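Engineer: Next one to model:
(one chain, ligands or ions: 1)
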Amino acid sequence: MITSTSTSHFSSEDKEPEITLSDLTSVNDDYGSTSRENSDKKRKVPLKTRKTKPISTKDQFFALFKKNYRLQKRSKKTNVCIGFVALFVVFLIFAMQILTDKYLNSDREEIRDPKKYDFDLFPSRVLPFAGSESSKFLGTYQPKLDKILTSFKYPMEAMTLLSSQLMNEKDQSGLDQVLYDTFDNNEQELVSGFYMNSWDLEDGKKVLDYKVYYNSSGSNSWLGFNRNKQDDLGQTLFLPSVVNLVNRASFSKVWDDSGLNGTIKSEYGYNLTGPDIRVGLKNFPVTAGKNQFDLVLFVQPFYYTFLLHFLLPVFMIIVVYEKENKLVDIMIMFGLKMKVYWSVNFIFNYGLYMILIFVFYVSGYALQFRFFLQNNFLAHFILFVLWGFSMVSLAFFLSTLFNKVRTASLIGYFLVIILALVSFLIWDNIIAGQGTASQVLCMLLPSFALYSGIKVLSDSSSISVQGFKFSNFALTVDGLGVQYLMLVACTVIYLVLGAYIYTILPSTGGKKSAFFFLTKKFWRDMRRKRKNAKRNQNQYYTDEDQEKSGVVSSEDSIELHEDPRGENIPEDVESERQRVIVNNDPIRLINLKKIYKGQDGNPDKLAVNCLTLGIKLNECFGILGPNGAGKTTAVNILSGLFPLTSGQAKICGFDVTREMNEIHTLMSVCPQHDILWGDQSGEETLEFYARMHGFKNEKLDKRVKKTLEEVGLYDDRKKLIKEYSGGMKRRISVACALITNPQVIFLDEPTTGLDPASKRQVWDVIRKARKKKSIILTTHSMEEADSLCDRIGIMANGILRTIGESQELKTRFGKGFKFMVHCSLEDEERVKKFVMELFPNANEMNSLAGTSNYEVPTDEVVLSEVFQTLEEQKNDLGIIDWGISQTTLEEVFHEITKMAEGKDQFNI
Ligand SMILES: Nc1ncnc2c1ncn2[C@@H]1O[C@H](COP(=O)(O)OP(=O)(O)OP(=O)(O)O)[C@@H](O)[C@H]1O
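Structural biologist: Residues are numbered from 1 along each chain as shown. I've put the predicted structure just below:
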């Protein structure tokens, strides 16, 4: 086991982010040569430092906000749809108001003496009385019946205004008159009137005359549709319950005390004493006038609730789109802080919602909706503001549950209808009748809080009510306080739930235990992260610092584990391991291991095993390997997408497990697949990333222009990405990786899908960009690795098989040179003899029709001599053509992967 212990160097000098266009423009002509080694020896990268200041939260915030704004502006279909729905709902209500006034609010005829119904004492159907706490009665009675009246325990007891509304000793026509006179005031509020009288018959029997008036016109009757109709609604629903009350009173002791004893034979078979009870039912008298039936009052809670839910799926789609297309991941790799991401989305979505609210208010006031005119402005404004918060939180929470835009939008739009409809159907009919506790519980689904709030305001804005006044505010459901509180609570609850689900089910990087926060490790890591972040805040250096710094090492002690191959570890891999442990390369991987947890019954997958590797300053390091070798996994760990299972990975001294925030400020990635917003132009895409890294104004423009020119996209800079060809997208992805002037770049198959000309263009860009940087490039193109990479590592089955410069590998694994000679058949023997003299250890591979191929050991070939000899003797020997070539990297690759086949199947 070898260890190294070291110190660190920091510079806390506070400077603006460096814009070194020269990084892109100055061409380093000696790429591919080993002379770079020498410069590394002179100057080593200090650990735990970065070149630029940490990315500022403010820069990220504005870059992200601008991007969101631009994309939303271009989502024309969605915007039109939102606008259309808003206007549709508003005009629907407006149309209803007009239609109602014209057709439903017809003239009303006077009814002074409404139809009267007489009933048996005990109707066969006895239903519970359907009154509420706010129901009011108006009645008249004889004082001697006082006790009967006060014995009407439930529900009259709850009717607070009962006594104040009772009028002594009015006769029936007197009550008719009172009800008639107060019709316009009473029609919404009074549910009933009653008349009660008692007298003695000639035979001494007592009579109790009890008339019930029911109000079929107010809000307490069903929708008010029964107005003016002497229907049997009250007869079937209302009267029996009142009669039941009378009966209960009759049976009570109070009855006896009132001295009204008599015998009652009920149809139930009871023999009870009591008076001759005469019960009747009458509708309220009606004044002449205009019916003021308010259809709007009935429908507006539903429509408003529907409209105010309409942005829910839009918000979900914004988040899920970026999740599905891995745009969040790439932004994280470019240093985006999640707290900034969520804040911007929250504020942005809330802003969109406020635009909708603004349109809603303007049209509501313009069209003179009573809802707005009659109610206190703060009452509905606070309700809408708080609903906006809880809806955005709810959308975030829901968006963590979906990974596909299609599913999210389908379920989102379905939810809009369902939530509005369920609130409409359930609140009035079921929940409103329950106690406050049940109502509060239901409001944990904030749609109920919104609906009930709108309902309170809507009812308060009916024609005959004065509207919701400031004095009506209270911590009750009717006073809106409960709704406000619950909307605030829902905002917090759904934000916390969303963050929790996002943590345990991230879009990438593997699931976490549902109880992760109960582990000691979690809190320890949190503490460490916070400590590191504080310590690292000002640890960045300038070019000058870098020049002065010399060799600086990490303060951490690093242990090198034994390679799983033990003694059989290839020499070059072992020597790299020894080199890495004592060198402070900008990228250091030590014993890196990654196991993907098996899902859906699949076993765990060991993707990377004991990878120890260092990438030097100014170096472009190529990782080659067949599909599934573990290349992308290694890059993803380094870029913070996946956590490593064990081992260490450090970038400029920052640990990927704890200091990813710092690492993101100094690295960038060109992912394997283009991860871009289709509705942004190439220029805007680059601007976004550059802005996120602190580039502003002129510097920003220059940087973007230069980078676009480098990748040959300047002329197409204004085109939307969705109009780009595959090759253009690839080039803009490479440009994104370079625009932020990072110290460390990961390029995952950067030229896949490019035509040869574009490929070479990108290669040029990478070569130029390499100065003062460390680049890891994974590729399947041997030509690319050969041309760009200073060193190459070949992986197979998650294990590093070999490492070295391209030439070294060719020498080590190739079978020397290939020599081909072509002559006529009669000269063939002579030529063969000559070849064997020239290359005594050559091996003839094949010979056909005068063309022979040989493998020649490298040490037998001195190219200049071979050229000279062959050119001199060519004509004498009758050689028509000849050629010599070196073993290609592709052959080395095949050789190594062949050797690796079937090897190293480790148990996890
Ligand atoms: N998220 C994942 N969950 C489980 N296994 C995974 C996951 N990602 C990759 N693997 C597995 O890990 C191994 C290494 O995959 P990786 O993508 O790193 O290979 P690669 O060398 O980049 O391949 P390619 O050249 O095809 O991109 C493969 O066997 C792959 O199936």
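
Engineer: unless I'm mixing things up, residue 94 is touching residue 367, no?
Structural biologist: Yes: counting by C-beta atoms under 8 Å, residue 94 does reach residue 367; the two are 4.7 Å apart. No exception for glycine: its C-beta is placed from N, CA and C like everyone else's.

Engineer: Looking at the two, which one has more neighbours?
Structural biologist: Between residue 94 and residue 367, counting by other C-beta atoms under 10 Å, residue 94 is the more crowded of the two (17 against 14).

Engineer: For the more buried one, give its distance to residue 767.
Structural biologist: Distance from residue 94 to residue 767, counting by C-beta to C-beta, to the nearest Å: 67 Å.

Engineer: again, but for residue 58
Structural biologist: 35 Å.

Engineer: which one of the two has more residues nearby?
Structural biologist: Between residue 58 and residue 767, counted using other C-beta under 10 Å, residue 767 has the larger neighbour count: 19 against 10.

Engineer: Next up, identify which helix or strand the more buried one is on.
Structural biologist: According to DSSP states H and E, residue 767 maps onto helix 756-769.

Engineer: Next secondary structure after that helix?
Structural biologist: Following helix 756-769 in sequence order, the next helix or strand is strand 774-778 (DSSP H and E).

Engineer: same question for that next one, mean pLDDT?
Structural biologist: For strand 774-778, mean pLDDT is 92.

Engineer: can you list the residues of this protein near the ligand?
Structural biologist: Neighbours of the ligand within the chain, by C-beta under 6 Å from any ligand atom: 596, 605, 607, 625, 627, 628, 629, 630, 631, 632, 633.

Engineer: When you filter these down to buried only, what's left?
Structural biologist: Buried positions within these, assessed by neighbour count (16 or more other C-beta atoms under 10 Å), are 596, 605, 607, 625, 629, 630, 631, 632, 633.

Engineer: closest to residue 514 among the residues you listed?
Structural biologist: Nearest to residue 514 among these is residue 596, at 19.6 Å by C-beta to C-beta.

Engineer: show me the contacts for the residue lying closest to that closest one once chain neighbours are set aside.
Structural biologist: By the measure of C-beta to C-beta, 6 or more residues apart in numbering, the closest residue to residue 596 outside its immediate chain neighbours is residue 605, 4.4 Å from it. Residues in contact with residue 605 (C-beta atoms under 8 Å, 6 or more residues apart in numbering) are 595, 596, 598.

Engineer: Throw those into a markdown table and include pLDDT and secondary structure, thanks.
Structural biologist: Formatted as a markdown table, the contacts of residue 605 follow (pLDDT from 0 to 100; DSSP: H, G, I helix; E, B strand; the rest coil):
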| residue | pLDDT | secondary structure |
| --- | --- | --- |
| 595 | 90 | strand |
| 596 | 86 | strand |
| 598 | 76 | coil |
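
Engineer: Mind putting the residues you listed into CSV with distance to residue 85?
Structural biologist: Output for the contacts of residue 605, formatted as CSV (distance: C-beta to C-beta, whole Å):
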residue, distance to residue 85
595, 49
596, 44
598, 46
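
Engineer: need the strands for the stretch 701-850 of the chain, in chain order.
Structural biologist: All strands of the stretch 701-850 of the chain, identified by DSSP state E, counting those that start in this stretch, fall at 744-748, 774-778, 791-796, 799-804, 817-823, 843-848.

Engineer: Restricting to C-alpha, output the second one in CSV.
Structural biologist: Taking C-alpha atoms only, strand 774-778 is exported to CSV below (Å, rounded to 0.1, in the frame of the first residue of the first chain):
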residue,chain,number,x,y,z
SER,A,774,-7.2,18.6,-19.0
ILE,A,775,-9.5,16.8,-21.3
ILE,A,776,-10.9,13.3,-21.1
LEU,A,777,-12.2,12.1,-24.4
THR,A,778,-14.1,8.8,-24.9
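
Engineer: List the neighbours of that strand that are in contact with it.
Structural biologist: Around strand 774-778, the neighbours that count as contacts under C-beta under 8 Å, 6+ apart are 585-587, 615-625, 631-632, 635, 638, 672, 743-750, 766, 769, 784-785, 788-789.
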